[in-house]
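> sequence and predicted model, in that order:
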Amino acid sequence: MSGDMVTSDFPDFSHDISKNLKIFTKQAFMEWPDEWTEISKPEKVDLQINKRIRYEGGGQAGQIDQGQSARQKKIYQGHKQTSLQKDYGVELPVTYQQRRYVVKNANFMQQLAHFNARSMKLVKENDAANTLNNGFSGSYVGGDAVALYSASHTFKSDTTTYDNLLSAVDLGRDAMEDALIKAAETKKESNIPQKIVVKKIHYSTQNIFTVPELLVTVKDPESANNTHNVIRDFNIQRNLNHFISGSDDYFLDSQINTRTLQISLPTTFDQYMEKSTKSLIERGWTGQATIFHDQAGTFGSQGG
């Protein structure tokens, strides 16, 4: 064979591998189950500071005699919550030798894609669950300077306090009964009924048998005479979340949304070639923040 060989004589398979890896990664990301959406409501935001504003006012209207001018009441701005958007990313280098191996073993490519997709899924799972995991800590406070679950919440308009912290006892019939009554008796400022209806319970591994007994069993699971299980009639949804760190913790949510995962950048996957090492970098990244708000609509216990 005469003459020098030219680079066109060697196939460049990096482009095809990159394309296939992207397809595999997106598919793996779609297939990986989401748990975080049961905890936090997704909300798209732009990069400017996003604030939630709650307005609080007085009690019921007073009687006005005919001809008398209306008595004006002041509208107060409630506690503001500001979210700090953060960027999260993972870079998975695929070396030249690995790309050669991929040509012979497609399973290796699929494995790389699953690693990348799983990392980006875990960002949202942990961010959402951390609103509950940090819900009893004074290091993570809301607009009224206390934790998500506290006996010392205040309304900004009249500084009265309210309590969404449940007793630290094991989940059971009595604990659930006390929690439902406490939720029903929740007041707004000026002693106005909040009209809370418990809709969902979030729990971790320790209560995977207790919750179905409380919410599904027709007969009372803790009564010797098998009276009717009235807790079942509330039709409370169950959510076993594997990212709640306290195995005894449980949380009750009402019809009021209290937690939001604000997304400024949806999960994105791309690739680039690192010239110095000739590695193909598979990258995933996202921008998001979690906030909690309307604390009167949720209740939490650290169990017994």
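All right, it came through fine.
> residue ranges with poor pLDDT in the stretch 51-200 of the chain?
Along the stretch 51-200 of the chain, segments meeting pLDDT under 70 span 51-53, 68, 70-75, 102-104, 106.
> ranges for the strands of it?
Assigned by DSSP state E, counting those that start in this stretch, the stretch 51-200 of the chain shows strands spanning 51-52, 55-56, 76-77, 81-82, 86-94, 153-154, 161-162, 198-203.
> closest to Ala129 out of those?
Of all the strands of the stretch 51-200 of the chain, it is strand 198-203 that lies closest to Ala129, at 9.1 Å by CB to CB. (C-beta placed from N, C-alpha, C; glycine too.)
> tell me what the closest one is packed against?
helix 173-184, helix 210-215, strand 237-240, strand 250-254 (3 or more CB pairs under 8 Å, 6 or more residues apart in numbering; DSSP states H and E).
> what's the following helix or strand after the last one?
This means strand 250-254. strand 259-274 (DSSP states H and E).
> check which helices and strands that following strand sits against.
With contacts taken as 3+ CB pairs under 8 Å, 6+ apart, strand 259-274 sits against helix 14-31, strand 41-44, helix 106-133, strand 279-292.
> what about Gln271, distance to Gly135?
Gln271 is 38 Å from Gly135, where distance means CB to CB, to the nearest Å.
> need the helices and strands packed on strand 259-274 in a markdown table with distance to Pro193 and mean neighbour count, can you?
Shown next, in a markdown table, are the helices and strands packed on strand 259-274 (distance: least, CB to CB, whole Å; neighbours: other CB atoms under 10 Å):
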| stretch | distance to Pro193 | mean neighbour count |
| --- | --- | --- |
| helix 14-31 | 43 | 16 |
| strand 41-44 | 24 | 13 |
| helix 106-133 | 26 | 19 |
| strand 279-292 | 22 | 20 |
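> show me which of Gln271 and Gly135 is the more surrounded one.
Counting neighbours by other CB atoms under 10 Å for Gln271 and for Gly135 shows that Gly135 has the greater number, 24 against 19.
> just to revisit the earlier point, can you list the helices and strands packed on strand 259-274 in TSV and add distance to Asp174?
Formatted as TSV, the helices and strands packed on strand 259-274 follow (distance: least, CB to CB, whole Å):
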stretch	distance to Asp174
helix 14-31	42
strand 41-44	31
helix 106-133	23
strand 279-292	27
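> quick one: residues contacting the residue nearest to Ser204 when sequence neighbours are not counted.
Excluding the flanking residues, the one nearest Ser204 by CB to CB, 6 or more residues apart in numbering is Ile244, at 4.0 Å. Listed by CB atoms under 8 Å, 6 or more residues apart in numbering, the contact partners of Ile244 are 129, 132-133, 202-204.
> which of these sit farthest apart?
With CB to CB as the measure, no two of the contacts of Ile244 lie farther apart than Asn133 and Tyr203, at 13.1 Å.
> which of the helices and strands packed on strand 198-203 sits closest to Ser40?
strand 250-254 (10.7 Å).
> for Gly143, find the nearest of the helices and strands packed on strand 259-274.
Smallest distance to Gly143 across the helices and strands packed on strand 259-274 (CB to CB): 9.7 Å, for strand 279-292.
> output the contacting helices and strands for the closest one.
Here strand 279-292 touches helix 14-31, strand 81-82, strand 86-94, helix 106-133, strand 259-274, going by 3+ CB pairs under 8 Å, 6+ apart.
> hmm, try it at 10 Å
Using 3 or more CB pairs under 10 Å, 6 or more residues apart in numbering; DSSP states H and E, the elements in contact with strand 279-292 are helix 14-31, strand 41-44, strand 51-52, strand 81-82, strand 86-94, helix 96-104, helix 106-133, strand 259-274.
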